[in-house]
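**Q** pasting the structure only:
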């Protein structure tokens, strides 16, 4: 993009445009009312094209080979010397682009080149005396056909030039042919990181983005002379770059508005905050709406401003291996932004209203949530962001309440008005945005389409069970005609984010029966102390007494460990886990996870919170390193062909028996790892570090009060008054979030609390600790 000096702006400012903006507001009340007659006609299906471009960028990001300098230099040479002359010969000026697509490396150079529309146009006209376009191909079958057709022509015309880029990564690259092209490619090598959020491929998001892009073009068309630079929001930038990637279409659509192209800020350019504010104000004056929205924030780097990173990780997962478990229900998250503006006649300093405030709540799942902002924080001159958060779809929606403080003699507050924003209504609204209004304020809520998020699972203590899976109880004994219950297993119920029972984990401890004064269970041999995972929920027969589900989906069996290792486990998944407690030269836990049955990927277990789970501030990294052996966190990193550098697919805390896993990671494997590590550390340390000896249900926080992971605040919305650990990722304050109830620290009940029928404390200490 051509750069402009913001200090050399036209004399006509946004304030000077108020009269023309007011007339625009009289005819254009919302983005949805803009017709193609009033703005620039779009000659390409930007929704399909944007989805295709995001997929292409993702493929580039997953191909480290393509980002190596030697590969890029060779790709530029092939693009400049082979592809562009070839496509030029096939292109007939004035007709549609030929149905051919170049090799992957060449297409990447071509894509980057088109994102500089001014430079690309000059390049084409100087070399070929015409603009070279790209075919609009949006499905895999047509892509494959276009690629094969290109290969046929390529081989026929350039028999000595291989169709694929065969350069070695360590080869000496020749002197550069086109330095400008290299700069363009280097500039965009991390472009996918801007558009990697999974909701960006959703149809409803792309349709809304296209409509906002129309508004952006309309704004440039009407007021382009009065603004030095236009700063696109992220969703608008996606559509702009998609439009630019089809050069002939882009030039034809803009026609006499070409001079505004150079005023648009590119993705890699830095801008001043006042330039962003200028674009925001112009948008507000044009449409009487806020410029930013959920999924449509700033897409550029501000000078001397560090943008806060989102607190969640929800990268695209192509597959959910956990659909095999009927007891697991996917979790869906959406991003939410709430903006507030006082009504035109309202002044926050008015005596009668200056003590009023807004309170944000969710419809369900987190009744304790009460985020408050004083009316005095807002103005009637512009929209201001009040809250930025991430909510589970099951929260159903937001409530924004206008409240007034009580008088001197009264505590609390009085509800003056309530504005509701339900997710289903927002998904049907234009631009996925809704406006609600009271006599004092206007509130706008925008969301992104809900997308699948990582699973959250935690193991909670439950009653001891027998070999059949039935709880040890007089109720079961009576149902069994008083036949003694054989065997003793420690049991844990696995709950998901919504408190639903998904699995039952059982650890075999004892064998035999209990008869009053005659016989009691004895500890099983070490090699028989297996762990099993059963899929499903308890079948209750009376109150909280029930039987475990019958289907066993995973087991972990202790085995003799090889030299230099202190513990070994064999999993039914085919994996083998080796554990070391550490030594004087290498303190702390170390792991090795191998699978002799599959060669598709390899797995590494890393102590502590790593990769996306790590707090990257220097102070936090030092603290993490100091306590990584004590906090119980382990990160599971999987290496595949697509991710040779590794991808963290799960985070587990073996002390608390809590896990977070991506849909592509198997829940059974992660649970087996978590329980096996805890059992090993318990046995090695001779201490019940994970409260395994608790043999009964503990009181849980009431469902719906502050459900785990239901609401998370963006760092930009966190403050001292809203810094609750329940509004942050669980692993930032794991012990506090996982506490059973307020003020609870998981105290172990006395031995007298347990029935002697279970076998007694000695049995369980022998089976777990010794």
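**A** It's in. Since we're looking at a predicted model, the values are computed, not measured. Numbering: from 1, shown residues only.
**Q** who are the neighbours in contact with residue 657?
**A** If you count contacts by C-beta atoms under 8 Å, 6 or more residues apart in numbering, residue 657 has them with 458, 459, 492, 674, 675, 678, 690. (Glycine included, C-beta is placed from N, CA and C.)
**Q** switch the cut-off to 10 Å
**A** By C-beta atoms under 10 Å, 6 or more residues apart in numbering, the residues touching residue 657 are 457-461, 492, 494, 505, 632, 671, 674-675, 677-678, 690-692, 738.
**Q** how many neighbours does the closest residue to residue 509 other than its chain neighbours have?
**A** Excluding its sequence neighbours, the residue lying closest to residue 509 (C-beta to C-beta, 6 or more residues apart in numbering) is residue 767, at 3.5 Å. By other C-beta atoms under 10 Å, the residues close to residue 767 number 27.
**Q** where does residue 767 land in three-state SS?
**A** What DSSP: H, G, I helix; E, B strand; the rest coil gives for residue 767 is helix.
**Q** Mind pulling up the pLDDT for it?
**A** Note on residue 767: pLDDT of 83.
**Q** measure residue 769 to residue 570 for me?
**A** 22 Å (C-beta to C-beta, to the nearest Å).
**Q** Report the buried residues of the helix or strand where residue 359 lies.
**A** Here residue 359 sits within strand 356-362, counting by DSSP states H and E. Of all the residues in strand 356-362, those buried under the rule 16 or more other C-beta atoms under 10 Å are 356, 357, 358, 359, 360, 361, 362.
**Q** Quick check: closest non-adjacent residue to the fifth one.
**A** Read it as residue 360. Take residue 360 and drop its neighbours on the chain: the residue closest to it by C-beta to C-beta, 6+ apart is residue 371, 4.3 Å away.
**Q** That neighbour and residue 717 touch, don't they?
**A** Yes. The criterion here is C-beta atoms under 10 Å, and residue 371 meets it with residue 717 at 7.9 Å.
**Q** The two: which has the busier surroundings?
**A** Neighbours per residue (other C-beta under 10 Å) separate residue 371 from residue 717, with residue 371 holding more: 22 against 19.
**Q** which ones are touching the more buried one?
**A** 338, 358-362, 386-387, 389, 400, 711, 713, 717, 719, 721-722, 724, 727.
**Q** Restricted to strands, list those residues.
**A** If you go by DSSP state E, those have 338, 358, 359, 360, 361, 362, 386, 387, 389, 400, 711, 713 in strands.
**Q** Now for those: which two are most distant?
**A** The most widely separated members of the ones in strands among the contacts of residue 371, counting by C-beta to C-beta, are 358 and 711 (16.6 Å).
**Q** Run a quick neighbour tally on the residue nearest to residue 100 when sequence neighbours are not counted.
**A** Once flanking residues are discounted, residue 100 sits nearest to residue 150: 4.1 Å by C-beta to C-beta, 6+ apart. Here the count is done by other C-beta under 10 Å, and residue 150 has 23 residues near it.
**Q** what about residue 150, which SS state?
**A** Assignment for residue 150 (three-state DSSP): helix.
**Q** Quick one: residues contacting it.
**A** 83, 86-87, 90, 98-103, 106-107, 163.
**Q** Would you indicate which residues of stretch 538-547 are buried?
**A** Those would be 538, 545, 546, 547, for stretch 538-547 by 16+ other C-beta under 10 Å.
**Q** Show me what it is in contact with.
**A** Outside stretch 538-547, the residues touching it (C-beta under 10 Å, 6+ apart) are 462-463, 465-466, 468-476, 478-479, 491, 493, 501, 504, 537, 548-550, 696-697.
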